[in-house]
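Asker: Everything below, folded, please.
(one chain, ligands or ions: 2)
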Amino acid sequence: MTDNGTVQKVAVIGGGVMGSGIAQLAATVGHEVRLVDVSPERLETALAAIGTSLDRFIRSGRLETDQREEILGRITPATRIPEAVEGVDVVVEAVLERLEVKHQVMTEVAAHAPAEAILGTNTSQLSITAIGSVLGEGASRVVGMHFFNPAVLMRLVELVKGLETSEDTLRRAEDFARSLGKETVVCLKDSPGFLTSRISAILRMEALHMLEEGLASPEDIDKAVRLAFNHPMGPLELGDFNGLDTYLDALTGLHAAHGERFRPPVVLRNMVAAGRLGRKSGRGFYDHGG
Ligand SMILES: CCCCCCCC(=O)CC(=O)SCCNC(=O)CCNC(=O)[C@H](O)C(C)(C)COP(=O)(O)OP(=O)(O)OC[C@H]1O[C@@H](n2cnc3c(N)ncnc32)[C@H](O)[C@@H]1OP(=O)(O)O
Ligand SMILES: NC(=O)C1=CN([C@@H]2O[C@H](COP(=O)(O)OP(=O)(O)OC[C@H]3O[C@@H](n4cnc5c(N)ncnc54)[C@H](O)[C@@H]3O)[C@@H](O)[C@H]2O)C=CC1
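Answerer: Numbering: from 1, shown residues only. Ligands and ions are numbered 1, 2, ... in the order given. Model (predicted):
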C-alpha cells in the first residue's frame, strides 16, 4: 500500500470464470496481482482466457497492443496461498460457492496476509457473516465484493456488510471497487442473495419452470426475455454463461435461506448431474461446441 492508502498489491484466490476476470481487471488498472488456484491446469486456462479477452479489447481499440504484455506481466500465477498473500493490500476470494471451501480459504488467507489487508469474498449469495465467522475478531476485515460476469465489462460491484464487517473495511472495499472503474451498491444487511442474486434468481426460476412445463423452447424463452425486456441475454443462456454448477450451488443456498421459492428445479439438477455445465464444459442448455 502507498502512504496515502492506495491499493497496490492484490491477491485473487480461485482462477475460474470470475477469478480470472477480477485478476485481469485489477492488472489492467495497474495493480500487482497474484492469482491463486489449487489447479495448475485452471491457472493455465485462466491466463489463456485473460489473453483472449485482452486481444478483444485490442481489436476493438480499447487497449494498445503493447499494453497486453504489460498487463499479463503484472499477474503472477501461484498454487499456494501463504506466499501469494504476503504483503498484499486486498484479497478477493472467488473459489467454489461452498461455505466449507470459503472457510478453508479464509482461514489460510488470514494466517498469512498482512493484518491490515481487507478480505473480500465474491460469493453470489452466502452469508458474509458466516464466511467471516471462522476468523474470530478477523471477521471485521471480511466484506462481500460481488462482481458480475464478465468482470472486465460489467459495471457493478455489490458490496455486502457482514454483521462484524468494520466501516473501515467497507470504505476500503468501496475505494478498491472504484479504483477498478466500477459503480457500487451497498447491501447493509447480510441477507443471503443480497440484492442482485435474489432478484436474478426469481426471473431464472420462472424460466426453468417454463422449460419443465414445455411452454416453449429454450431459444424462445430466452428470445422473449431479450426482446421484450431488452436484457442482453435470456435467463437460460445466462445460466450457461455463469456455469450451471455455480448456478445450482447458488440456488441451493438461496433455497436453504429463503425457502421454497428458490427450490432448484430438476431440469437444472439433471444438467449438472450429467456434467453439462454450460460454456465452461461446452454444453448446457445450449451446445457451445465442446
Ligand atoms: C441464482 C443467481 C446466481 C447465478 C450464478 C451466479 C451469478 C452471479 O453471482 C452474478 C452474475 O454474474 S449474474 C450475470 C451478470 N452478467 C450478465 O447479465 C451478462 C449479460 N450479457 C451481457 O451483458 C452481454 O451479452 C456481454 C457483455 C457479455 C457481451 O456482449 P454482447 O452480447 O454484445 O456480445 P459481443 O458482441 O460478443 O460483445 C460486445 C463487445 O464486448 C466485447 N467483449 C465481450 N466479452 C468480452 C470479454 N470477456 N473481454 C473483452 N471484451 C469482451 C466484444 O469484443 C464487443 O466489443 P466491440 O466489438 O467493441 O463492441
Ligand atoms: N460464475 C459467475 O458468473 C459468478 C460467480 N460468482 C461467485 O464467484 C465464485 C467463483 O465462481 P466461478 O468463478 O464461477 O467458479 P469456477 O468453478 O469457475 O472457479 C472456481 C475456482 O476455484 C478453484 N479452487 C477451488 N478450491 C480452491 C482453493 N482451496 N484454493 C484456491 N482455488 C480453489 C477451482 O480450482 C476453480 O478454478 C463463487 O463464489 C460464485 O458464486 C460471482 C459472480 C458471478
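Asker: what comes up buried for stretch 120-140?
Answerer: Along stretch 120-140, the positions that meet the burial threshold by neighbour count (16 or more other Cβ atoms under 10 Å) are 120-135, 138-140. Glycine gets a C-beta too; all of them are placed from N, C-alpha and C.
Asker: which ones among these come in contact with ligand 2?
Answerer: By Cβ under 6 Å from any ligand atom, the members of the buried residues of stretch 120-140 lying near ligand 2 are 122-124.
Asker: Which secondary structure state is assigned to Met145?
Answerer: With DSSP: H, G, I helix; E, B strand; the rest coil as the basis, Met145 sits in strand.
Asker: Surely it is in contact with Ser124?
Answerer: No. Taking contact to mean Cβ atoms under 8 Å, the distance of 11.7 Å between Met145 and Ser124 leaves them out of contact.
Asker: Out of the buried residues of stretch 120-140, name the ones that lie in strands.
Answerer: Here DSSP state E is the test, and these give 120-121 as lying in strands.
Asker: Quick check: Ala11 touching Glu83?
Answerer: No. Between Ala11 and Glu83 there is no contact under Cβ under 8 Å: 9.9 Å.
Asker: Those two: which is more packed in?
Answerer: Higher neighbour count among Ala11 and Glu83: Ala11, with 30 against 14, using other Cβ atoms under 10 Å.
Asker: ok, that one - contacts?
Answerer: Taking Cβ atoms under 8 Å, 6 or more residues apart in numbering as the criterion, Ala11 is in contact with 33-36, 81, 84-85, 88, 90-92, 109, 113.
Asker: go with 6 Å
Answerer: For Ala11, the residues meeting the contact criterion (Cβ atoms under 6 Å, 6 or more residues apart in numbering) are 34, 84-85, 88, 91.
Asker: Which residues of the stretch 1-150 of the chain lie near ligand 2?
Answerer: Counting by Cβ under 6 Å from any ligand atom, the stretch 1-150 of the chain comes close to ligand 2 at 13-19, 36-39, 42, 94-97, 101, 104-105, 122-124, 147-149.
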